[in-house]
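Engineer: compute the structure for the input listed below.
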Amino acid sequence: MKQNRTLETPRLLGIVWPFIAVVLFQALLGCISLYALSAVRGYVAGESLWSKGQKDAIYYLNLYADSRDERIFSKYQTAIAVPQGSHDLRVALDRPAPDLVAARQGILQGGNHPDDVSSLIWLYLNFRHFSYLERAIERWTVGDSYLVQLDNVAQQMHAGISRGSATEEDIMRWKDQILAINDGVTPAAKAFSDALGEGSRFLWRLLMVVNLGTAVLLIALALWRVHRLLGQRHAFANALELEKERAQVTLASIGDGVIATDFEGCIAYMNPAAEQLTHWNAEQANGLPLASLFNLLDENAEKDSFTLIEHILAGQLSGGSEHAKLIQRLDGSTVSVTLVGAPIRTDGRISGTVLVLHDMTQERQYIANLSWQATHDALTGLANRREFEFRLEQALGKLNRAQSRHSLMFLDLDQFKLVNDTCGHAAGDELLRHICTLLQSGLREGDTLARLGGDEFGILLENCPADMAERIAENLRQTVQNLHFVWKGRPFVTTVSIGLVHIAQAPSTLEASLRAADMACYMAKEKGRNRVQVYHADDTELSMRFGEMAWVQRLHMALEDNRFVLYAQEIASLGRTDNSGGHIEILLRLHDESGRVIMPENFIPAAERYGLMTALDRWVVQNVFKVIQQCLSEGAPQPLAICAINLSGTSIGDDAFLAYLREQFQRFSIPPELICFEITETAAISNLGSAIRFINELKGLGCRFSLDDFCAGMSSFAYLKHLPVDFLKIDGSFVKDMLDDPVNRAMVEVINHIGHVMGKQTIAEFVETPLIEQALLEIGVDYAQGYLIERPQVFTCESLQRREIRPRPLLFTAPGTFR
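Structural biologist: Here you go, the predicted model:
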């Protein structure tokens, strides 16, 4: 901060303000001095007039006593008026509230000049108690008392003479009084004059001392200020020297070349980086024209017609942007640089220029490397996914301009993970490099081979007939199969699954082409691997896979937007009283982007195939628990209905999902007795060990379980003995046709009987007519579910508490009639 203040430009007012203050103070002091001296001079003049008037009055009064001439008395009156005016001035100003008007009239009557009126009043009012002026006023008061006596004698004398009654003795007595008054007033007048003189001399001496002191202060201040300015100048010079040294050290240490010239373009300075860049020594180049160091070339390596100095002065090399140029040195070599230049201005005039050159050789190499890395795979050196998609998009664009055929292949190595898992990633990387070499050797010149990620590759065959593309694909498959890869004495069999798409006409979008090739490769995997699957738009199986893949993104968006909805359907008790709160099954629906309700059979297959079922199960559990918690917090009447929640086979075998369920029970404080999980028979039997452990864990908390769709899949009553479920749900395919098909009725009876023998309750699905309900009652099924009982309703708190618990009545009152 101190150094920054040192380098600041000094301000004129900051330098001269002390001198201005002293001059203004001295001018004010001089004005006050002159004003005071003027007032003292006015009093001195007034005293002179007062003394003269007093003497003239005594003279004329004595003359009047001898001559008794009225003209002489008039002269007396004129003479006495002067000291009387001074008397009136003093009396007016001595009042508690000074009468300035009377004082002004008294001053003018006393013979003073009108310009002295204000200064006389100012001096009297402000300095009357000052020692010299106070003594003078005391003498003035004494003199005024004698004049009052003189005027009284004059009035007596004038009255006596005017009446003619004045005798010689009176005249002599009056003259003696006049003489006595004169003897008394003269010392008072002299003392008044002496006091004023002493006061004026004191004031003169005081003003002399003050003015001399001010002059001394001004000299001292000037010396102090000059000393400080000299110190600042010295600090400024040191700071400049320091900044110059720093600038030179900085310029010498930076990697950019810096060249400074004079106005004519002759070299004045070069830093070491500039010496290295131009192959010139600074001492040798000093004073030479800038053009003698190197030539400026444009982007086409042609000599620029303008000089660098002209570019800089025209503002074409200003900072804030890069100006890429080539410079050609004297030895003919060229180097790519970016230039930034600016003129040096001194007092508004251009006195030189500064040019900064940055060597772009390494940067250009880095850019080239980064560009290659951005479009190629580091391991194999092949084009990466981004570059592959760019080239594919370019090829598709050509279809709009000319009739041609392209083919697109997706390749996925079979069992590549086995190599990584058993021998490590080094073996996998080596295998990938071998396969890339083989694949590249089997392609035509101009074909694009790219590594899309992991063990996936893409091939673009431009202007390739369909039959040739299929032959190339088959040859590639055989080549990979014939590779004998051995890692540390361990052989591996390598095969590849290939999906092939023929792109024959526009418009065909990039996304659609890639998706078709990916799906074809997926189908090749599903059909046993090590094969080429050609995509056909009318392939029903591929169309179904396409639909499922489209659902994946829609399901992700639906989860993010919370567009799933829960429904509830009653499971009613048949033929007996149920003392619990009832039983409902939670059903899942989806609201699509336009608000339509989508049934689960449309999206569940895609969710199961592409691993989204666990996410859906988590969503269902959390939202069911939210509704139950809300119902409990609102003080709903007990008991509440049992909620049956369907779980997928993926969730049953997932330990993380089991931990998630425990966490949700604790988070929402849900009584486990209110929850019944439904699992399908197929999911349970296909992973029997995990299913048994999963069921036992949750039954330990108090939850219940239903085995859904029993006998609809690969059922075996032997498995049923090991599954600790509470309910068996008889598949609806048996229930809905049981009145017309004796076999279906027998299946219902057998399942119900076995379930009861094993201590499990049975639930019949698809109960849609009173006749089916009557038949189930006769068989002894415990619960019924279907449109006859209740159509699914949106799941709310009311779903848990609105139903009345009572057995379903018998519907027949007579053969063929209903109630």
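Engineer: can we go C-alpha only for contacts and neighbour counts from here?
Structural biologist: Fine.
Engineer: residues making contact with stretch 17-24?
Structural biologist: Residues from elsewhere that reach stretch 17-24 (C-alpha atoms under 8 Å, 6 or more residues apart in numbering): 214, 218, 221-222.
Engineer: now the element after the longest strand along the chain, going C-ward?
Structural biologist: When the chain is scanned for its longest strand (criterion: DSSP state E), the result is strand 334-346. Using DSSP states H and E, the helix or strand that follows strand 334-346 towards the C-terminus is strand 349-359.
Engineer: and Asn562, how many neighbours?
Structural biologist: Using other C-alpha atoms under 10 Å, Asn562 has 12 other residues around it.
Engineer: quick check: it vs Thr650, distance?
Structural biologist: Going from Asn562 to Thr650 by C-alpha to C-alpha, to the nearest Å gives 22 Å.
Engineer: and the helices in the stretch 651-800 of the chain, which stretches?
Structural biologist: 655-668, 681-686, 688-701, 717-720, 732-735, 742-757, 770-779 (DSSP state H, counting those that start in this stretch).
Engineer: the first one - what's its average pLDDT?
Structural biologist: When pLDDT is averaged along helix 655-668, the result is 94.
Engineer: next: stretch 117-125.
Structural biologist: For stretch 117-125, mean pLDDT rounds to 72.
Engineer: with stretch 265-278 instead?
Structural biologist: pLDDT averaged over stretch 265-278 gives 84.
Engineer: then stretch 244-256?
Structural biologist: 76.
Engineer: what's the helix or strand for Asn475?
Structural biologist: Assigned by DSSP H and E, Asn475 belongs to helix 466-481.
Engineer: same for that helix, what does it pack against?
Structural biologist: strand 406-414, helix 425-441, strand 495-503, strand 532-534 (3 or more C-alpha pairs under 8 Å, 6 or more residues apart in numbering; DSSP states H and E).
Engineer: for Ala274, give its distance to Val337.
Structural biologist: Distance check for Ala274 against Val337: by C-alpha to C-alpha, it reads 12 Å.
Engineer: overlap of the contact sets of the two?
Structural biologist: The contact lists of Ala274 and Val337 share Leu357, where a contact means C-alpha under 8 Å, 6+ apart.
Engineer: comparing the two, which residue is more hemmed in?
Structural biologist: Between Ala274 and Val337, Ala274 has the larger neighbour count (other C-alpha under 10 Å), namely 25 against 22.
Engineer: that one touches Ala252, doesn't it?
Structural biologist: No: using C-alpha atoms under 8 Å, Ala274 is not in contact with Ala252, being 9.4 Å away.
Engineer: picking up where we left off before, and the helices of the stretch 651-800 of the chain as TSV, adding mean neighbour count and distance to His376?
Structural biologist: What follows is the helices of the stretch 651-800 of the chain, written out as TSV (neighbours: other C-alpha atoms under 10 Å; distance: least, C-alpha to C-alpha, whole Å):
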stretch	mean neighbour count	distance to His376
helix 655-668	14	39
helix 681-686	20	44
helix 688-701	17	45
helix 717-720	13	55
helix 732-735	20	56
helix 742-757	17	63
helix 770-779	18	67
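Engineer: which one of those helices lies closest to Asp331?
Structural biologist: Nearest of those to Asp331, taken as C-alpha to C-alpha: helix 655-668 at 72.5 Å.
Engineer: off-centre distance for that closest one?
Structural biologist: 39 Å (C-alpha atoms, centre = their mean, to the nearest Å).
Engineer: and stretch 452-462, by the same measure?
Structural biologist: 42 Å.
Engineer: pull out the buried positions in that stretch.
Structural biologist: Using 16 or more other C-alpha atoms under 10 Å as the test for burial, stretch 452-462 gives 452, 455-462.
Engineer: ok, stretch 111-131 next?
Structural biologist: Going by neighbour count (16+ other C-alpha under 10 Å), the buried part of stretch 111-131 is 111-112, 116-117, 119-121, 123-124, 128.
Engineer: turn these into CSV, columns for distance to Arg618 and secondary structure.
Structural biologist: Output for these, formatted as CSV (distance: C-alpha to C-alpha, whole Å; DSSP: H, G, I helix; E, B strand; the rest coil):
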residue, distance to Arg618, secondary structure
Gly111, 118, coil
Asn112, 115, coil
Asp116, 109, helix
Val117, 108, helix
Ser119, 104, helix
Leu120, 107, helix
Ile121, 105, helix
Leu123, 104, helix
Tyr124, 106, helix
Arg128, 106, coil
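Engineer: ok, back up a step: partners of the longest strand of the chain in the sheet?
Structural biologist: strand 323-329 (antiparallel), strand 349-359 (antiparallel) (DSSP bridges).
Engineer: alpha carbons of the last one, as CSV, please.
Structural biologist: Extracted as CSV, the C-alpha positions of strand 349-359 are listed here (Å, rounded to 0.1, in the frame of the first residue of the first chain):
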residue,chain,number,x,y,z
ARG,A,349,2.0,10.9,-28.5
ILE,A,350,3.2,7.5,-29.7
SER,A,351,6.9,7.1,-28.7
GLY,A,352,7.3,3.4,-29.5
THR,A,353,5.7,0.0,-29.6
VAL,A,354,5.8,-3.3,-27.7
LEU,A,355,5.4,-6.7,-29.4
VAL,A,356,4.8,-10.0,-27.5
LEU,A,357,5.4,-13.3,-29.4
HIS,A,358,4.2,-16.6,-28.0
ASP,A,359,5.7,-19.7,-29.5
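Engineer: quick one: mean pLDDT over that strand.
Structural biologist: Mean predicted confidence for strand 349-359 is 80.
Engineer: and after it, which helix or strand comes next?
Structural biologist: Defined by DSSP H and E, the subsequent element after strand 349-359 is helix 361-375.
Engineer: same for the helix or strand hosting Ala247, what does it pack against?
Structural biologist: Secondary structure assignment for Ala247, by DSSP H and E: helix 168-253. With contacts taken as 3+ C-alpha pairs under 8 Å, 6+ apart, helix 168-253 sits against helix 2-6, helix 12-67, helix 131-163, helix 272-278.
Engineer: break this protein into its domains for me.
Structural biologist: 36-211, 254-365, 376-537, 562-732+791-800 (automatic domain parsing).
Engineer: how long is the first one end to end?
Structural biologist: Domain 36-211 stretches 15 Å from its first residue to its last (C-alpha to C-alpha).
Engineer: with the longest one instead?
Structural biologist: End-to-end distance for domain 562-732+791-800: 22 Å, by C-alpha to C-alpha.
Engineer: which regions of the stretch 251-400 of the chain sit below the pLDDT cut-off?
Structural biologist: 298-324, 400 (pLDDT under 70).
Engineer: typed the wrong thing, it's the stretch 451-600 of the chain
Structural biologist: Looking at the stretch 451-600 of the chain by pLDDT under 70, you get 505-507, 538-550, 576-581.
Engineer: need the helices for it, in chain order.
Structural biologist: Assigned by DSSP H, counting those that start in this stretch, the helices in the stretch 451-600 of the chain fall at 466-481, 510-526, 540-561, 600-609.
Engineer: between those, which one is nearest to Leu739?
Structural biologist: Counting by C-alpha to C-alpha, Leu739 lies closest to helix 600-609 out of the helices of the stretch 451-600 of the chain; the figure is 26.4 Å.
Engineer: and the closest one, how far from the chain's centre?
Structural biologist: Remark: helix 600-609 is offset 44 Å from the chain centroid, using C-alpha atoms, centre = their mean.
Engineer: also stretch 459-477?
Structural biologist: 54 Å.
Engineer: again, but for stretch 734-741
Structural biologist: On the basis of C-alpha atoms, centre = their mean, stretch 734-741 sits 69 Å off its chain's mean C-alpha point.
Engineer: same thing with stretch 361-376?
Structural biologist: 33 Å.
Engineer: circling back to that earlier point, any chance of the helices and strands packed on helix 466-481 in a markdown table, plus distance to Leu392?
Structural biologist: As requested, the helices and strands packed on helix 466-481 are arranged in a markdown table below (distance: least, C-alpha to C-alpha, whole Å):
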| stretch | distance to Leu392 |
| --- | --- |
| strand 406-414 | 9 |
| helix 425-441 | 18 |
| strand 495-503 | 11 |
| strand 532-534 | 18 |
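Engineer: which of these sits most buried?
Structural biologist: Most buried of those by mean neighbour count (mean count of other C-alpha atoms under 10 Å) is strand 495-503; its value is a mean of 26.
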